[in-house]
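Participant: Show me how the following folds:
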Amino acid sequence: MLLKIEETAKLLDVPEKEVLQWIRKSGLQATLIDGQYEINRVELLEWANENGIAIPPDLLAIAGADSSVLPSFRAALAAGGIHYDVAGAEKASVLRNVVSLLPVPPGVDAGFLLEVLFAREALGTTAVGNGIAIPHVRHPILLHMATPSVTLCFLRTPIDFEAPDGKPVHILFTLTTPTVRSHLHLLSRLAYALREPRFKEALAQPDNAAGILAALDEPAPPPTG
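Facilitator: Next up is the predicted model:
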């Protein structure tokens with residue numbers, strides 16, 4: 001799961017010196033091992049998503065993985081639920097209410113989930129701009145659950161999330177998954193969906209859960225004959 005500088009540069013199609021600049025000046029996490037930087041694949045994907053860097057399909061490739069068993073983003077969102085009018089006057093109370101809505105298995109310590117989300121926000125905002133945040137930890141929230149999920153929450157009142165574009169946040173996506181692989185897959189699908197005009201238009205409509213899910217459906221093939 002660790003990538004060297006040259007591997008990262010090749011994946012993202014940028015010079016190696018640019019990757020080094022990201023590490024030194026732009027918050028890309030890396031570990032020095034035997035004098036060389038190595039980057040965790042999960043952290044690279046999350047950093048790229050947060051910073052508007054195009055995510056190549058190869059970043060998701062994991063040796064021996066069968067992509068056919070990965071859930072669709074639509075199925076994960078349907079499993080996680082779409083919630084409106086989520087209360088909270090500031091970041092802490094919003095996150096507390098979001099955690100209470102996550103479809104976590106019985107026995108999972110909700111307080112622990114909340115603490116790790118708080119800790120992640122202390123490292124830097126998870127807001128990605130345009131009023132959207134993706135609360136998560138630097139390493140995925142992995143739970144013993146049958147179905148990966150994405151929970152979408154619309155806030156009653158937009159709040160300051162220290163977003164890079166300065167806009168208050170009113171939409172939050174939170175991922176809960178059983179494996180790192182499914183986390184990578186869903187985060188990538190979310191990043192793609194947020195660039196799709198149809199999905200963005202559905203998010204902008206009030207009380208539009210059915211429309212949001214429909215925007216993720218594959219378009220029907222054109223009629224033949």
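Participant: secondary structure element for Val150?
Facilitator: strand 149-159 (DSSP states H and E).
Participant: Ala210 now?
Facilitator: Ala210 belongs to helix 209-214, assigned by DSSP H and E.
Participant: gap between the strand holding Val150 and the chain center?
Facilitator: Mean-position distance between strand 149-159 and its chain equals 13 Å (Cα atoms, centre = their mean, to the nearest Å).
Participant: still on that earlier bit, so for the helix holding Ala210, mean pLDDT?
Facilitator: The average pLDDT within helix 209-214 is 96.
Participant: picking up where we left off before, which strands or helices does the strand holding Val150 pack on?
Facilitator: Judged by 3 or more Cβ pairs under 8 Å, 6 or more residues apart in numbering; DSSP states H and E, strand 149-159 is in contact with helix 73-80, strand 82-86, helix 91-101, strand 169-176. Where C-beta positions appear, they are placed from N, C-alpha and C, glycine not excepted.
Participant: ok now the one helix or strand in the chain whose mean pLDDT sits lowest, how far from the chain's centre?
Facilitator: Every helix and strand of the chain was ranked by mean pLDDT, DSSP states H and E. The lowest is helix 41-50, at a mean of 74. Helix 41-50 sits 9 Å away from the centroid of its parent chain (Cα atoms, centre = their mean).
Participant: returning to that earlier point: now do the buried residues in the strand holding Val150.
Facilitator: If you call a residue buried by 16 or more other Cβ atoms under 10 Å, then strand 149-159 has these buried ones: Ser149, Val150, Thr151, Leu152, Cys153, Phe154, Leu155, Ile159.
Participant: Contacts made by it with the rest, please.
Facilitator: Residues from elsewhere that reach strand 149-159 (Cβ atoms under 8 Å, 6 or more residues apart in numbering): 73, 76-77, 79-91, 94, 97-98, 101-103, 131, 168-177, 186, 190, 212.
Participant: Buried by neighbour count, from those: which ones?
Facilitator: So, by 16+ other Cβ under 10 Å, the buried ones in these are 73, 76-77, 79-80, 82-83, 86, 88, 91, 94, 97-98, 101-102, 131, 169-177, 186, 190, 212.
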